[in-house]
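> Coordinates for the following, if possible.
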Amino acid sequence: MILRKIIGFFITSFLLMLGLAFLQYSTDPAGGFWGWFWFVGIFAAPCVLFYGMLISFVSDIVLNRFQLVPRAIYAFAVHLTFGVLFTFIIYSFYYTSFSQYWSEGGKLIFMCAAAGSVIYWGADEILRRFVNLDKVQSAM
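Residues are numbered from 1 along each chain as shown. Okay, here's the model as predicted:
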């Protein structure tokens, strides 16, 4: 399970960094694509590592008793809910009014958190169903 989560972290971080760098580069090409890529990575990767992996671990532990299909649907709901909740955690620490937060980049944080949670869930589900990492992890 740990190896699956680490691989999911790398996939999610890379896709978020790639997507956000492309988005930023298309609106402001001054920093160069790879400059934006690493700049976004400084912020996106730690969020996925410390918040996303924690939520995914808790989701797996809590939903482990469910059957395959309902578990995947519930896991999607948990990932998306806590991904969106991350937006409000950021808001509560740094801003006094929600309208100020939303106009100063809150929409982008919301979209990134939602996209990151869906990407992480998708990568985790694909790795869970199609790649047998238990043999690799037991060999370590």
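> what about the residue nearest the centre of the chain, which helix or strand?
Centroid-nearest residue in the chain: residue 116, 3.1 Å away (criterion: CA atoms, centre = their mean). Following DSSP states H and E, one finds residue 116 within helix 107-130.
> so how far is that helix from its chain's centroid?
Computed by CA atoms, centre = their mean, to the nearest Å, the chain-centroid distance of helix 107-130 equals 5 Å.
> Enumerate the positions of that helix that are buried.
Using 16 or more other CB atoms under 10 Å as the test for burial, helix 107-130 gives 109-110, 112-117, 119-125, 127-128. C-beta coordinates here come from the backbone N, C-alpha and C atoms, glycine included.
> Now do the same contact list for residue 83.
Shown in contact with residue 83 (CB atoms under 8 Å, 6 or more residues apart in numbering): 52, 55, 113-114, 116-118.
> okay if I get these as a markdown table plus pLDDT?
Below are the contacts of residue 83 laid out as a markdown table (pLDDT from 0 to 100):
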| residue | pLDDT |
| --- | --- |
| 52 | 87 |
| 55 | 90 |
| 113 | 88 |
| 114 | 90 |
| 116 | 90 |
| 117 | 92 |
| 118 | 94 |
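> what's the closest of these to residue 93?
Among the contacts of residue 83, residue 113 lies closest to residue 93 (CB to CB), at 14.2 Å.
> Could you measure from the closest one over to residue 88?
Between residue 113 and residue 88 the computed distance is 10 Å (CB to CB, to the nearest Å).
> Residue 76 now?
Per CB to CB, residue 76 is found 19 Å from residue 88.
> how about residue 66, secondary structure?
Three-state assignment for residue 66 (DSSP: H, G, I helix; E, B strand; the rest coil): coil.
> Then the one 5 residues further on?
Residue 71 carries the three-state label helix when classified by three-state DSSP.
> Next up, the contacts around it.
Contacts of residue 71 by CB under 8 Å, 6+ apart are 63-64.
> so where do the strands sit in this structure?
For the chain, strands defined by DSSP state E do not occur.
> Output the below-cut-off pLDDT ranges for it.
Residues of the chain meeting the criterion pLDDT under 70: 68, 133-140.
> Tell me which stretches of it form helices.
2-27, 33-47, 53-63, 68-94, 98-101, 107-130, 133-139 (DSSP state H).
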